[in-house]
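Engineer: Coordinates for the following, if possible.
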Amino acid sequence: MKQILVKILFITLAAATHQASAQSLQELINTALEKNYQIQIVKNAEQIAVNNNVRGNTGQLPTVDLVGEYSNTFNNTEQTFADGTVREGTNARNTNLNLSAIANWTLFNGFSVYAKRDQLSYLEQLGQLNTKFYIEQTVSDIVTAYYQLMYEKELLENFRESLKISAFRLNIEEKRKEVGAGKAIDYGQALVAYQTDSILVLRQINTIQSLEVELNRVLNNDLENKIEVDDYTFNMLLIPAKDSLFSMVANNNNQLEQQRLEELIAETELRLAKTNLYPKIDLFAGYKYSNTTADVGFFVSNQNFGPTLGVSVSYNLFNGGATRRDIKNTKIIVENSNLTKQQVHQTIDADVLNLYNEYTSITQRMELANSNVDAMNIVYGIAEEQLKTGAINGYDFRLTQLSLLNAELTLMHLQFSLKAIEVNLNRMSGRVLQAYM
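Structural biologist: Numbering: from 1, shown residues only. Presented below is the predicted three-dimensional model:
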């Protein structure tokens, strides 16, 4: 049995001593912003939107095409003229050479240029917001994970302290048993308590390892890299009053701003659909050259070259009602976009209100939790002395130990929960970068 206990203690101590150099929260955030895969992907998507937002993509600039064609045909030809003359040719060769350089400029296309220009601008803004959203989300995830790692490691230290207490109790019961003053049941209970606390320590070590793997994934580090925080203080930031908080959310929330842009983009789609109700006017100019030869025909060769200039006007009179149908459907898409914006706004407001109420409740509960920890520390100190003198048995001491442990765990859990809510509220109000960078 002693060998088992020594083995358990060795495992917990080995895990405790295997630590990496401490890293600050700012260092972890900087690493994530530099190396995170998802942030790199959305930045590339943003650059695509920037590349697309140019005049040439709106149809505002002319197009210039250079076209060349050369062909040979071989025909068996028989031509009968009005005067009865007959001309025949076997494998008569005809050649055709055409070269042209044409510039085309759409002068009017139902105001589509302006609609497309606005749409590309909105898409570029949406790309910027999407990048900002993932940066804010990544920073929030890092901050939350950092404080969770702090919480889990403090929890581990708490479990280790409890394990030491259980080892102290087991040692007392073992000595009493050796001198014949102890009971087998007391020793058995002390042994079970010690092994139970050992299980908690080992399980907590695994929890920390899993959290470190997840953090390393977000940081794009070696997945087995050990992470050690450089501070174990839950530095709480003040949350604004409820009215101010909701005002910040309405003005700065990234998701709401994205939905506003989505609605504007849907409106540009409606404007583009309506362009088909108007005529299209194109101006074209260029230079053409053609040369044709024939073995049989009215002429042996024919050559033409010179400039060309003109105006093209087209107007669709009927296309099966497709234009009207597209306009009706696009109007529905615009309406759905507006409804989605209102739905997202309501959902975010509900989340903010629930988080704010929970934040207020936890703040009040923490005062009681602090008081409980102070009171239980006093009770535990008394129980420890009574156990040494034999005034209480090991079972009663274990109950006192568990009460102190539960009081400390409750306080630690409330501290972490309050910090997680703080991070979420700062993210939803658009202040997360300002608060933690």
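Engineer: give me the element residue 341 is part of.
Structural biologist: Using DSSP states H and E, residue 341 sits within helix 322-389.
Engineer: Could you check the host helix or strand of residue 249 and say which residues are buried?
Structural biologist: Assigned by DSSP H and E, residue 249 falls within helix 242-252. In terms of neighbour count (16 or more other C-beta atoms under 10 Å), helix 242-252 has its buried residues at 245-246, 248-249. Using the backbone N, CA and C atoms, a C-beta is placed for each residue, glycine as well.
Engineer: for stretch 333-345, same thing?
Structural biologist: Buried residues in stretch 333-345 (16+ other C-beta under 10 Å): 333-334, 337-338, 341, 344-345.
Engineer: same deal with stretch 166-180?
Structural biologist: Across stretch 166-180, burial judged by 16+ other C-beta under 10 Å covers 166-170, 172-173, 176.
Engineer: Residue 321: which of these is nearest?
Structural biologist: Residue 321 has its nearest neighbour among these in residue 166, at 81.6 Å by C-beta to C-beta.
Engineer: Surely the closest one and residue 194 touch.
Structural biologist: Yes. With contact defined as C-beta atoms under 8 Å, residue 166 counts as touching residue 194 (4.1 Å).
Engineer: how far does the lengthiest strand in the chain sit from the chain's center?
Structural biologist: Counting residues, the longest strand found in the chain (DSSP state E) is strand 86-108. Here the centre of strand 86-108 is set off from its chain's centre by 56 Å, with C-alpha atoms, centre = their mean, to the nearest Å.
Engineer: and the very next helix or strand once past that strand with helix 322-389, angle?
Structural biologist: Per DSSP H and E, the first helix or strand lying C-terminal to strand 86-108 is helix 112-178. If you take axes from the mean of the first three to the mean of the last three C-alpha atoms, to 10 degrees, helix 112-178 sits at 20 degrees to helix 322-389.
Engineer: from the chain's centre, how far out does whatever helix or strand comes next after helix 112-178 sit?
Structural biologist: Following helix 112-178 in sequence order, the next helix or strand is helix 184-219 (DSSP H and E). Distance of helix 184-219 from its chain centroid, counting by C-alpha atoms, centre = their mean, is 33 Å.
Engineer: how far away is the spatially most central residue of the chain from residue 218?
Structural biologist: By C-alpha atoms, centre = their mean, the chain has its centre lying nearest to residue 134, at 4.1 Å. Distance, residue 134 to residue 218, using C-beta to C-beta, to the nearest Å: 11 Å.
Engineer: Please apply the same query to residue 247.
Structural biologist: Residue 247 is 31 Å from residue 218, by C-beta to C-beta.
Engineer: With residue 156 instead?
Structural biologist: 22 Å.
Engineer: next one: residue 320
Structural biologist: 53 Å.
Engineer: between the two, which one's more packed in?
Structural biologist: residue 218 (19 against 7; other C-beta atoms under 10 Å).
Engineer: That one against residue 37, yeah?
Structural biologist: No. The pair residue 218 / residue 37 is not scored as a contact, 9.2 Å apart, by C-beta under 8 Å.
Engineer: and the helix or strand harbouring residue 257, what does it pack onto?
Structural biologist: Following DSSP H and E, the helix or strand that holds residue 257 is helix 254-274. Helices and strands touching helix 254-274, by 3 or more C-beta pairs under 8 Å, 6 or more residues apart in numbering; DSSP states H and E, are helix 112-178, helix 322-389.
Engineer: In CSV: those helices, plus distance to residue 270 and mean pLDDT.
Structural biologist: Converted to CSV, these look like this (distance: least, C-beta to C-beta, whole Å; pLDDT from 0 to 100):
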stretch, distance to residue 270, mean pLDDT
helix 112-178, 9, 91
helix 322-389, 4, 94
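Engineer: Now do the nearest residue to residue 302 once chain neighbours are set aside: how many residues are near it, please.
Structural biologist: Nearest non-adjacent residue to residue 302, counting by C-beta to C-beta, 6 or more residues apart in numbering: residue 292, 4.6 Å away. Number of residues near residue 292 (other C-beta under 10 Å) recorded here: 17.
Engineer: Partner strands of the helix or strand harbouring residue 292 and their direction?
Structural biologist: Per DSSP H and E, residue 292 falls inside strand 280-294. Sheet partners assigned to strand 280-294 using DSSP bridges are listed as strand 86-108 (antiparallel), strand 301-314 (antiparallel).
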